[in-house]
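> Structure, please.
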Amino acid sequence: MSISRRGRAALAVIAAAVMALGFTSVTSSAAPDSSARPPTVSKEYFGQADGKAVYRYTLANARGMRVRILSYGGIIQTLDVPDRHGHTANVVLGFPTLADYVAKNSPAAGGGTYFGALIGRYANRIAKGTFTLDGTTYHVPVNNNGNSLHGGTDGFNQRVWDVTEVPGKGTAGLRLTLVSPDGDQGYPGTLTATVEYTLDNQNRLSINYHATTDKPTVVNLTNHTYWNLDGESSGDIYGQKLMLNADRYTPTDSTQIPTGELAPVKGTPFDLRRPTAIGDHVADNDPQLLTGQGYDHNWVLNREDGTSLALAARASDPESGRVLTVLTTEPGIQFYSGNFLTGTLVGTGNKTYRQGYGFALETQHFPDSPNHANFPSTVLRPGQTYQQTTVFALSTD
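Predicted coordinates for the structure are as follows:
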């Protein structure tokens, strides 16, 4: 199966945007090698969930990057990439077995970490699990401080997706498809969601999201990978630096629901416009940080328009030299500093994950958008196509 014309067009846009920003190679000195073997895909049985077979797919390229993705939840289980010295480590948090994900990766199971998962129908929070669309009020499951979080008690992160391999010119990819029926978790309309993961030889993992509906609905999809650029078993991320391309953020109330204000970051701990160690201000005596026990907020990205792929974030680790650059077509990004990791979970490296052992960068529309007319709309209607792209580009300094 060849990659779709739409997919090729999206990849061309991604490549142009990434190259324009100067992130064209795995290391600062190496140039892309057009003669390198193209990335590959392999597949293995990983267990069963909800009576369905679950498979683990491995995308691997010629530069030592390897990404393992599960059909359960569309989860990025591991992502191995070299450091500045060529030493490879897994830089995302996750579990070693499917049973761990089923038991510990959702609020219904007493977890709620969402390690590596695709999130839907609605990423982030909806106040009191209630919204009104076209005069009809809908109620969705409440699972977080009296609000609905990440699609409710049975979100897309707990579903087994259909997966097909999508080879391309110089890329390897997977197309994941899920049909969410009308009324699923209280949301109106039958939603057909398609997510494509694509890996190239410049260590760029691209995620393209599409969705259609047969009734008016709301939708907000993202990926919830936790990063630790020094390696998932290396300890806390407070010495790693982060830049967010945002002049404003959305403050929240005591239950982490946006107040509706688009507040300037200048003069606050939320000013991350220059590379800043994550630990520099995470423990500041700021009401917003006290509510979330650290960073767990949405930033309003600086954008020239509402559709192009633009720089959202850049994270770096001084120890390993690894750099993560995030580009997206979305208007917002949720930065979460791993505040609620409590040392009760054991990861793929057989080490416990404690507070601050990973951070998430969730590209998204704003939390609770259906209840804020001044936020970019998340309404999807029949005949329309929800479409967004996010790129995770790995390199070294």
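
> And P82, how far from H224?
25 Å (C-beta to C-beta, to the nearest Å). Heads up, the C-betas are built off the backbone N, CA and C, glycines and all.

> Tell me which of these two has more neighbours.
H224 (23 against 20; other C-beta atoms under 10 Å).

> how about the nearest residue to that one, chain neighbours excluded?
Y114 (4.0 Å; C-beta to C-beta, 6 or more residues apart in numbering).

> dump the residue contacts of the residue nearest the centre of the chain.
By C-alpha atoms, centre = their mean, the chain has its centre lying nearest to N223, at 2.6 Å. Residues in contact with N223 (C-beta atoms under 8 Å, 6 or more residues apart in numbering) are G74, I76, G116, A117, L118, I119, I207, E362, T363, T390.

> Which of the three states applies to the third one?
By that I understand G116. coil (DSSP: H, G, I helix; E, B strand; the rest coil).

> other SSEs contacting whichever strand or helix holds R314?
Using DSSP states H and E, R314 falls within strand 310-316. Other elements packing on strand 310-316 under the criterion 3 or more C-beta pairs under 8 Å, 6 or more residues apart in numbering; DSSP states H and E are strand 241-244, strand 322-328, strand 332-336, strand 359-364.

> how about these in a markdown table, adding distance to D214?
A markdown table is the format used below for the helices and strands packed on strand 310-316 (distance: least, C-beta to C-beta, whole Å):
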| stretch | distance to D214 |
| --- | --- |
| strand 241-244 | 37 |
| strand 322-328 | 27 |
| strand 332-336 | 27 |
| strand 359-364 | 24 |
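
> I'd like the ones you listed as TSV, with mean pLDDT appended.
Listed next are these as TSV, based on pLDDT from 0 to 100:
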stretch	mean pLDDT
strand 241-244	98
strand 322-328	98
strand 332-336	98
strand 359-364	98
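
> Looking at those, which one is packed in the most?
Among those, ranked by average contacts under mean count of other C-beta atoms under 10 Å, first place goes to strand 359-364 (a mean of 26).

> So which elements touch it?
Based on contacts counted as 3+ C-beta pairs under 8 Å, 6+ apart, the elements that strand 359-364 packs against are strand 222-223, strand 226-227, strand 310-316, strand 322-328, strand 332-336.

> could those strands go into a markdown table alongside distance to E261?
Shown next, in a markdown table, are the helices and strands packed on strand 359-364 (distance: least, C-beta to C-beta, whole Å):
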| stretch | distance to E261 |
| --- | --- |
| strand 222-223 | 22 |
| strand 226-227 | 28 |
| strand 310-316 | 21 |
| strand 322-328 | 23 |
| strand 332-336 | 14 |
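
> The strand holding R314 pairs with which strands?
Here strand 310-316 has these sheet partners by DSSP bridges: strand 241-244 (antiparallel), strand 322-328 (antiparallel).

> wait, which of these is closest to I126?
strand 322-328 (21.3 Å; C-beta to C-beta).

> Okay, angle between that closest one and strand 359-364 too, please.
Angle of strand 322-328 versus strand 359-364, following axes from the mean of the first three to the mean of the last three C-alpha atoms, to 10 degrees, is 20 degrees.

> correct me, but V195 touches I76?
No. The criterion here is C-beta atoms under 8 Å, and V195 misses it with I76 at 11.3 Å.

> These two: which has the busier surroundings?
Using other C-beta under 10 Å, the more surrounded residue of V195 and I76 is I76, with 26 against 22.

> ok, I257 - contacts?
Counted by C-beta under 8 Å, 6+ apart, I257 has contacts R125, A127, N147, P367, D368.

> Return the member of the residues you listed nearest to L394.
Nearest member of the contacts of I257 to L394, counting by C-beta to C-beta, is P367, at 27.4 Å.

> okay, how far is it across stretch 337-352, tip to tip?
Stretch 337-352 has an end-to-end distance of 16 Å (criterion: C-alpha to C-alpha, to the nearest Å).

> Mind listing residues that contact it?
77-78, 90, 93-96, 104, 111-113, 226, 231-233, 237, 278, 282, 292-296, 353-360.

> Check which helix or strand Y55 maps to.
Using DSSP H and E, Y55 sits within strand 52-60.

> what's that strand packed up against?
Contacting strand 52-60 under the criterion 3+ C-beta pairs under 8 Å, 6+ apart are the following elements: strand 40-49, strand 66-70, strand 162-165, strand 171-180, strand 191-200.

> Where do the strands of the stretch 151-300 of the chain begin and end?
For the stretch 151-300 of the chain, strands defined by DSSP state E, counting those that start in this stretch occupy the ranges 162-165, 171-180, 191-200, 204-213, 217-218, 222-223, 226-227, 241-244, 246-250, 263-264, 276-277, 296-301.

> Could you identify which of those strands is most buried?
strand 222-223 (a mean of 28).

> From L98, how far out is the nearest residue to S180 once chain neighbours are set aside?
Using C-beta to C-beta, 6+ apart and skipping residues adjacent in sequence, the residue nearest S180 is L191, 4.4 Å away. Going from L191 to L98 by C-beta to C-beta gives 25 Å.

> Per-residue pLDDT of the residue nearest to the centre of the chain, please?
You'll see N223 listed with a pLDDT of 98.
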